[in-house]
Structures are given as structure tokens and as C-alpha cells.
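> fold the following.
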Amino acid sequence: MAARFVQETLRFFAVSDPGRLRLRSASTTTITVVLAMAVLLPGAHLVGQPLTIALLGTVVAMQASAAVKDKDQRSRVITSMLLVFPAIAAVSLSAVLSQFGKVADVGFIVVLFAAVWVRRYGPRGTALGMVAFICYFFALFLRAEPGQIPMLAVSIVCGVALSILVRTVILPDRPGLEVKRLVRALRAASIDVLEVASNRGDRNLDLLRKRLDKLGSTALMIDDWLDRNDAAQLLSVTNDDLSVRIFDAQIATEQLVSALWALDPKDPWPDSLGQATTALGSCLQNNPSEDQLRAARRLAAAAADRADPSTQAGIATAVAMRAVQAHIAIHRITSNALKSAPVPQEKPEKVDDEPTGLNPSTKAAIQVAVATSAATVLGEIISPDRWYWAVLTAFLVFTGASTRGEILSRAGHRVVGTIAGVVAGVLLAALVGNNQPLQLLLLVVCVFFAFYLVTVAYALLSFFITVMLAMLYGLLGTFSIEVLELRIYETAAGGLVGIASAYFIFSTGTRTTMVDKIDDYLDLMIDIIDTSIGSVVEPGTRTDLVADMRKLDNALKDVVTAGKPLEMGPTTRTRRGVKRLMRIMTVSNRSSHALARAGVGASRGEPSSRPSEETSQALREAADVTKATIVEVKRALAGEHVEPPEKLTDTSASDVMLTSATTPGPVRSAVRSLGTLNRTMGEALTRA
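Take a look at the predicted model:
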């Protein structure tokens, strides 16, 4: 029983944090903070410097660990080293300008503008801008003076050096272990979604959709790993080959889930289907022996041979066998190096379209400058000593947000998290008192959970940061309930100013952004249809369908991100409409997966397996019907009047092909996928 509980717990964490990436990131930042405090606090005391000197170095170390997000290790180290220059410059500027009263406020706004403007230079520019902002802010917070600049610079250098030490020596990148964990997470996600699909007593469609979404996001994380690493050096297999194997496993699992869900829950499964799913269960274990894998393959193949391919259960059995083959291939790639290592393939350089008009980072920088200027005025009206909290909030609500809805959502999360954090901070401060070791321990715990949960909910980040500040005030001997109350007022003021700026300065509509993202997504989908059908009617031709599908998956992520603020819209009708549209886009993505899988399968076939001319023509016509439906959806989203279809049906190709027993497998898969995709897209044209 205990072993079962441990196994289920580990699987839960594998699915909730694929590859333990969040755990690793939070652990790296926390260890960096602990090491910085362990070195800088005694060091500052030894040389007779105040606690504030050590705290700045600790904050820089934390920022260097959390903000540097370059894709490869070498680039991350270089960026970390470069952080020293904007950090020292910002601290020096803050310390000098603070001697001239309001001039320091103007300097802060200039630094904020620059911090956003440099985001155009990618992850490195973003990191350099963030550390400059944080250092200027903390120099104000800690009331740094010009005479302290040399020691502050030493503290910054030490903080950056310690972050590099943690990143390269204590917790260095281990891409081989990372990809194995990601693959385990893919298996865990597959088990979870198959359990829901196999449960005939409790048909929970919402849970099934969530599990399918988790499976897709895990596969995308493996694809992101492939962007950052060369699989040929670690697994003796090319990135392209591993990507295809992961794609096969994902699509086979999605198709099996669809086939199982379509079965009548009242009817018992045939023995062949039960055996095939049992074989798949063996392959989804993390460490099966070679004998177990061979036995699973034989069992699944025998079950598929006995199954009736004309029935839904027979189709499910065949798909289960394909999933068994895909997962066995992944096991052998990640567990055993291939005998001959292929030559690594160079990745083609991405060519971005030249942007027109004002650069988005410049627009955001102007928005931030206006917002922080207003926040400075409003913040000083509330509190001349704590005005910078309003400025901080006005700046941070723009970080990672670009539309009015996103900024409104982030501001709301920040205010709610801050209020909850103030309550918790007051309670903890009363319990902890002046116990410095316990205050430091709680500060470290808050750092860990703030960075571990930041991608789960922004409010949680604000909550733990506020509690951390309560502990920090305790360490500095300046804690008071009034100070934390002021933080609430200043945060609310900064959030309101940020929202106002988002609405009136270079306003970007949330719905407009969502429609643009959907439009891009549907354009990619049309390309997938053309490429997939081209492969099916011309077997043996090389395609880049797997890479194209990952582009479609990423485009769907952009759609979901853009639509999320609207899912909390002001009216029930708006919320329901957006949620329904997001669900249609997600389901259509899975149909596109199946269609691309048919195209990939055909591309591996022989030219002699080409379907008849009549079949090819019918398939092209079916594709045209589906593409026409997609075009109608685009028109409807653009605001044009589109008559909803009277009845949603499969494409006409079914009548031509499914009556022929000699129709190739990829053709049949393409027909089913097109029919499902056409019905799904048609749902977007009907009224809920």
C-alpha cells in the first residue's frame, strides 16, 4: 500500500511539473539566495558594513538566478556576467540622485523606460533590464548613499558570482536527465488520460479534456528541450527522429483516448482490446525490462490481428498497438544509445518578418513611463516614504502582459495576493517576533514557493513576496503593520494606474489580439491540411509535418493565453462564448494531429501505395470542404455575417473511400480526421 501511494504521488508531481523544471528552477534560485546570505551576511559584518549591503547582493543573486533565461548554458553564464554592469550603474545612479530629492524619481522612470525598451533584444535584454530596475529600486528601498557605492558594487559582483557558481557547479544543467524526466512525465500524462477514458462508470468529459491538455503541454515541453539541446550528443539519435517518436506516441495516445471514449460504456470490451491496453500499460512503466517490452509488443500485435477492424473496438485495438510501438521506440532511445550516432543536423535559422510601425517594446516602454510617472505622483500623495511600491506595481503589471485584459488580470492578481500576503505576514511576524534565524528560514521558504508557483498563479507570487518582505522588514528592525497596510494602498494605486495606462496609451484590445492569434492559428491549420493531404496522395515524399505541427501547437498556446482574460469577462455570455471557442480550437488541434499523423505515415510509405485517382480527387475535395469551413470561421471572427450550417456532417469523401476495403490506412485516417475537423470547425459557426 505504501509503495502504491509513493508511486501515485511521484506520478502526480511528474504530471503537474513535467521534467521537474519548476522544481529545479525554484531550487536553483533558493540555493542561490541561501548561499548569498551565508556568504554576504557574515562578510558584511566582518568588514563593518550594514546589513543592507549584504541584502542588495542577495537580491542581485536571486535576480541573476531567476531572470536569466537564455537557452543554452554558455549564453546564460555570459548574460549573468553582463548583469554586473547595469546593476552597478543603476545602484550608483540611485545613490547619487537620491541626494537631489525628486530628481531620483525622474531617474527611476528613465531606468524603467530603458528596462522595458531593451526587451527587444530577447532574453538577454530582458534580464539586463530587470536587474537594472531591481537594483535601482532596492537602492531606494535600502536608502543607499554615494559613499556606499564601492561596497555595494562588491556585493553585486559577489552576488552574480555566487549565482554562476550555483548554475555551473552546484546545480549544473543535466540535459540527459532532464529529457528522461520529461519522457517519464509524458508516460504519466498518458496513464492519467487513459484512466479517465477507460472509466466507464464515471464519464467526466471536463477531466478528460484537462488530461489531454496536460499530455499536449508535456509533449511541447519535450519539443522545447529539443530546441535547447542536441539529442545526438546525448541519446545517439537526431532531434528530428526523437521529435517524430514523441509525436507518434502523443498522437497514438490521443487517438486511443478518442476511440475508447466512443465505445458504448454499457458494452464489455472485447478480449483483444483488453489485451492491447494491458500491453500498453506495461510500456508506460518507467523501467520495464527488455523481455517485458518484447512481450508487450507480441501481445499487442496478436490482439490487433484478432480484432475486427470494421468495429470501433477493433479500431481502438489497432491504435493501442501503434501506441505500444511508439512507446517502445522511446524506451529504447532514452535507455540505450543507438549503435551508430548520426551526424547532428544544423538547425535552420529563423527568419522573422520585418516589423512595421513602432516596435512593441517601445510602445510598452512608453506605456510604462507614463504609468510609473503617474504612479510616482499618486504614490507620494499616499506616502512620501513608500511611494515606490506604487511604481513597482505599475511596472510589474506590464511584465509578460501586452493586452488590456492581461494587464487587468495581473493587476487584480497582484492586489489580491498582496492583501493575503499582508494578513499572513502580520500573523507570522507576531508568531516569530525577533527570532532572526526563523525569520531567515521563512524568507528562504517564501523565495522557494514564490518561484515554484509563479507559473501556476501570479497572485501566489505576490503573496509570498509580500510575506518575504514582512520577514525582511523584521530583519531590518522596521516592521510595522502600518507599513504593510501602506503596501496594500500603494499596490492598489499602482495597479489602477497601470490599468489606466493600458487602456489609454497605445491601447491593445484583448479580443482583437485573441482574434488575430486565432487567425494565425487557422492559417497554419490550412497549411497542415494541404501538406498532409499532399503526402497522403503522393506517398514517399519528404515532409516537415512534425515541425509544422509543433508550430500549430505553439500557436494554440498563444490563442489560449490571449483568450484567458476574456474567460473572466464581465458577463456570463462572454465567458461562456470564449470558453466554448477555446474548446473548439483545442479539439480542432487534436484532429489536426491525427491528420498530420496520416501524412507522416504516408511519407514513410512507398510511392507504389499511392491511392487511386478517384480516391485522391475525393480526398482533395474533402480537404477543400474543410478549408472552406475554416475560412468561414475566420470571416465570422472578423465580424462578417456568416450563415451557420443547417447540419454538421462529415465531408463527402467518406462515401467514396470507406466503402473500399483496399483503401490505404493513411487515407482512411485522413478521411476520419478531415470529417472530425470539419464538424469541429462547423461548431464555431453555430450558436451555443
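> CA atoms for contacts and neighbours, from now on please.
Noted.
> surely residue 581 touches residue 684?
Yes - if you go by CA atoms under 8 Å, residue 581 and residue 684 touch, sitting 6.6 Å apart.
> tell me which of these two has more neighbours.
residue 684 (24 against 19; other CA atoms under 10 Å).
> pLDDT value on that one, please?
Per-residue confidence (pLDDT) for residue 684: 84.
> distance of the spatially closest residue to residue 243 that is not a sequence neighbour from residue 173?
When the adjacent residues along the chain are set aside, residue 243 lies closest to residue 223, with 6.8 Å between them (CA to CA, 6 or more residues apart in numbering). According to CA to CA, to the nearest Å, residue 223 and residue 173 sit 17 Å apart.
> so which of these two has more stuff around it?
residue 223 (21 against 14).
> tell me how far the more buried one lies from residue 216.
Residue 223 sits 11 Å away from residue 216, going by CA to CA.
> do residue 45 as well
From residue 45 to residue 216 the distance is 52 Å (CA to CA).
> settle it for me: which of these two has more neighbours?
More neighbours surround residue 216 than the other of residue 45 and residue 216, with 21 against 13 (other CA under 10 Å).
> need the next SSE after the helix or strand harbouring the more buried one, C-terminal direction.
Using DSSP states H and E, residue 216 maps to helix 205-228. Next in sequence after helix 205-228, counting helices and strands by DSSP H and E, comes helix 231-235.
> report the buried residues of that following helix.
Within helix 231-235, the residues scored as buried using 16 or more other CA atoms under 10 Å are 231, 232, 233, 234, 235.
> and if you look at stretch 294-312?
296, 297, 299, 300, 301, 303, 304, 307, 308.
> now that stretch: mean pLDDT?
The average pLDDT within stretch 294-312 is 89.
> show residues contacting that stretch.
259, 262-263, 271-273, 275-277, 279-280, 282-283, 313-315, 317-318, 320-321, 324-325 (CA atoms under 8 Å, 6 or more residues apart in numbering).
> then stretch 388-401?
Outside stretch 388-401, the residues touching it (CA under 8 Å, 6+ apart) are 112, 137, 364, 368, 371-373, 375-376, 378-379, 407, 410-411, 414, 487, 490-498.
> quick check: mean pLDDT of it?
76.
> next, count neighbours for residue 501.
With other CA under 10 Å as criterion, residue 501 counts 24.
> do residue 643 as well
Residue 643: 10 surrounding residues under other CA under 10 Å.
> distance check, it against residue 684.
Distance, residue 643 to residue 684, using CA to CA: 11 Å.
> neighbours around residue 642, how many?
Neighbours of residue 642 under the rule other CA under 10 Å: 14.
> in what helix or strand does the residue nearest to it when sequence neighbours are not counted lie?
Closest residue to residue 642 apart from its sequence neighbours, by CA to CA, 6+ apart: residue 636 at 5.8 Å. Residue 636 is part of helix 613-637, with elements assigned from DSSP H and E.
> over to residue 30?
Going by DSSP H and E, residue 30 is in helix 21-46.
> quick one: name whatever helix or strand follows that helix.
Next helix or strand after helix 21-46 toward the C-terminus (DSSP H and E): helix 51-67.
> got the CA positions of whatever helix or strand comes next after that following helix in CSV?
Per DSSP H and E, the first helix or strand lying C-terminal to helix 51-67 is helix 73-82. Provided in CSV are the C-alpha atoms of helix 73-82 (Å, rounded to 0.1, in the frame of the first residue of the first chain):
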residue,chain,number,x,y,z
GLN,A,73,24.4,27.1,-20.6
ARG,A,74,27.1,29.2,-22.2
SER,A,75,24.7,32.0,-23.0
ARG,A,76,23.3,32.0,-19.5
VAL,A,77,26.7,32.4,-18.0
ILE,A,78,27.6,35.3,-20.3
THR,A,79,24.3,37.0,-19.5
SER,A,80,24.9,36.5,-15.8
MET,A,81,28.3,38.1,-16.1
LEU,A,82,26.9,41.1,-18.0
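> between the helix holding residue 216 and helix 21-46, how big is the angle?
60 degrees (axes from the mean of the first three to the mean of the last three CA atoms, to 10 degrees).
> what lies in contact with helix 205-228?
Residues from elsewhere that reach helix 205-228 (CA under 8 Å, 6+ apart): 15, 18, 71-72, 179, 182-183, 185-186, 189-190, 192-193, 196-197, 239, 243, 246-247, 250, 254, 550, 553-554.
> now, of those, which are buried?
Buried members of the contacts of helix 205-228, counted by 16+ other CA under 10 Å: 15, 18, 179, 182-183, 185-186, 189-190, 192-193, 196-197, 239, 243, 246-247, 250, 254, 550, 553.
> what sits against residue 566?
Each residue near residue 566 by CA under 8 Å, 6+ apart is listed here: 405, 510, 511, 574, 575, 578.
> who wins on neighbours among the residues you listed?
Ranked by the number of neighbours (other CA under 10 Å), those place residue 405 first, at 25 neighbours.
> distance from stretch 410-418 to the middle of the chain?
Mean C-alpha position of stretch 410-418 versus that of the full chain (CA atoms, centre = their mean, to the nearest Å) differs by 21 Å.
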